[in-house]
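1. any chance you could fold what I've pasted below:
(one chain, ligands or ions: 1)
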Amino acid sequence: MSPAAASKMAPGRIAWVARSCRLLSETAAEFERTQPFAGLTIGASIHLEPKTAALMRTLQCGGAIVVATGNLNTTQPDTVAYLRAHGIDVRGEQTTDPDRHAGYLDEVVAVRPDLLLDNGGDLFARYAADPWPQLLGGTEETTSGRMRLMPLREAIGKPVLVINDSPIKQFAENRHGVGQSVLESFYRFTNRTTNGRHVTVIGYGACGQGVAACFRNAFSVVSVVDVDPVATLEAQLDGFLTPTREDALRSAAVVITVTGAEGVLGVADLPLLKDDVVLANAGHVPWEIAVDAIEASVDVVRTQESGDGITTWYLAEGRIAHLLGRGHMVNLAGAQPLGNSIESMDLGFTLQVRCLEAIARGDIGVEACVVPVPPEIDAEVATAYLELTRIG
Ligand SMILES: NC(=O)c1ccc[n+]([C@@H]2O[C@H](COP(=O)([O-])OP(=O)(O)OC[C@H]3O[C@@H](n4cnc5c(N)ncnc54)[C@H](O)[C@@H]3O)[C@@H](O)[C@H]2O)c1
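-> Predicted coordinates for the structure are as follows:
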């Protein structure tokens, strides 16, 4: 049964997501006929939440036996209950304990899957340490997983396709998805407008480009700061202001970091900040804004928590500054963290299932170990999405 058909019986949010994953639903309907994973076991480790539930069900429609566990901390109990009720073998539960989580990963690997769907390299790293002969290969979702698995290529020696390196993932999720969800989260946290206000975006990679564009489209005046002059030039030619870092901080009503680097905004910047400025981070690490150092500094005379994710720092000289979500990724923090749009994830997950299908079919050779998604799969997924969404 396709995710869309199954959604009729699923609890609210899972049903909404399944219904909105139009590309996955269409692919699942095809897989019900073609059965690309008949007789194969897929071992998965990925955040278990409503969007990945649609991914798991699509693999199941293709005939796969799916054995899955979540990533550290992010497993949602409702999703686990739903998946188990539909025959997905979920190992473990939500935990912040790395040792317990490691045990769940070991359980997935212990079934010796034919294919792996990895998110961060945990499953393939285990395979490299203790290989089993029937593994056909698999997929890795993230950049951090790619970096972890590159040195293990020889030990893995199987096709591993890295979803993050697909141009579709880069522009659909990292640019448009993150841009939209950061803007949405800013609104949800603050209930303030940014129309006509100065927003400074620090970092102009794929994510920063999306954040800058979304705030501009929401009628803000956007400045971009990047340590790379080439990225800064691109921002300028894209029509953004590119003042010096100091000027960009002095006049900003909102500052958003999205670089992946540590301590991008720190104690030394406090004297520059305008009164009532709102600070947020969308990069991966929660110390892009040096929250601990700032709170320990003499410049902060008092810290106040709003109770709903806004921290206010009372600075010397009477100014105040606010931090959203304690500096964690702002689009995944707060009272209702929805993350990136369903459509952007639908595209990324369709890349996942098409890559697994190609590996199951034997179309990808062992030389394709930790490499980007093949261009023909990108083209297939793009064409399917365009056909599904064409206007007129
Ligand atoms: N919030 C989310 O949902 C989400 C989703 C995907 C990725 N991310 C994370 O967002 C971050 C950015 O991702 P990306 O794909 O845009 O990365 P990227 O590497 O393409 O771009 C990062 C940019 O930041 C710049 N930069 C680095 N250090 C800087 C500094 N100190 N000051 C100013 N600029 C600096 C770099 O020159 C580069 O242009 C990463 O941490 C990534 O993991 C977040």
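2. quick check: phi and psi at the residue of the chain found nearest the ligand.
-> At 1.8 Å from the ligand, G205 is the closest residue in the chain, using CB to the nearest ligand atom. From N, CA and C alone the C-beta is placed, and that goes for glycine too. Dihedral pair for G205: phi -80, psi -160, per degrees, to the nearest 10.
3. could you check how far it is from G177?
-> Relative to G177, G205 is positioned 14 Å away (CB to CB, to the nearest Å).
4. between the two, who's got more neighbours?
-> G177 (25 against 18; other CB atoms under 10 Å).
5. do stretch 245-257 and the ligand meet?
-> No: applying CB under 6 Å from any ligand atom, one finds stretch 245-257 out of contact with the ligand, separated by at least 7.6 Å.
6. what's in contact with that stretch?
-> 182, 186, 194, 197-203, 211, 215, 220, 223-225, 241, 243, 264-265, 269, 272-274, 276-283, 288-289, 330 (CB atoms under 8 Å, 6 or more residues apart in numbering).
7. what about 6 Å?
-> With contacts defined as CB atoms under 6 Å, 6 or more residues apart in numbering, stretch 245-257 is touched by 194, 197-202, 211, 223, 225, 264-265, 269, 272, 278-283, 288-289.
8. stretch 191-205 now?
-> Everything outside stretch 191-205 that qualifies as a contact, by CB under 6 Å, 6+ apart, is 208, 211-212, 215, 219-226, 231, 235, 248, 251-259, 264.
9. now it: mean pLDDT?
-> Within the predicted structure, the mean pLDDT of stretch 191-205 is 97.
10. ends of it, what's the gap?
-> Across its full length, stretch 191-205 reaches 27 Å between end residues, using CA to CA, to the nearest Å.
11. in that stretch, what counts as buried?
-> Burial within stretch 191-205, assessed by neighbour count using 16 or more other CB atoms under 10 Å, is assigned to 194, 197-205.
12. for those, work out which two are farthest apart.
-> Maximum pairwise distance in the buried residues of stretch 191-205, criterion CB to CB, is 23.5 Å, between R197 and G205.
13. can you name every helix or strand that the one helix or strand A18 maps to contacts?
-> When secondary structure is defined using DSSP states H and E, the element that contains A18 is helix 12-20. Here helix 12-20 is seen to pack against helix 3-7, helix 50-61 when contacts are counted using 3 or more CB pairs under 6 Å, 6 or more residues apart in numbering; DSSP states H and E.
14. got the angle for that helix vs helix 50-61?
-> With axes from the mean of the first three to the mean of the last three CA atoms, to 10 degrees applied, the angle from helix 12-20 to helix 50-61 works out at 60 degrees.
15. only C-alpha atoms, please: export helix 12-20 in PDB.
-> Extracted as PDB, the C-alpha positions of helix 12-20 are listed here (Å, rounded to 0.1, in the frame of the first residue of the first chain):
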ATOM      1  CA  GLY A  12      -2.700  13.000  11.900                       C
ATOM      2  CA  ARG A  13       0.800  14.400  11.300                       C
ATOM      3  CA  ILE A  14       2.100  11.200   9.600                       C
ATOM      4  CA  ALA A  15      -1.000  11.200   7.400                       C
ATOM      5  CA  TRP A  16      -0.500  14.800   6.400                       C
ATOM      6  CA  VAL A  17       3.200  14.200   5.500                       C
ATOM      7  CA  ALA A  18       2.500  11.000   3.600                       C
ATOM      8  CA  ARG A  19      -0.200  12.700   1.600                       C
ATOM      9  CA  SER A  20       2.200  15.600   0.800                       C
END
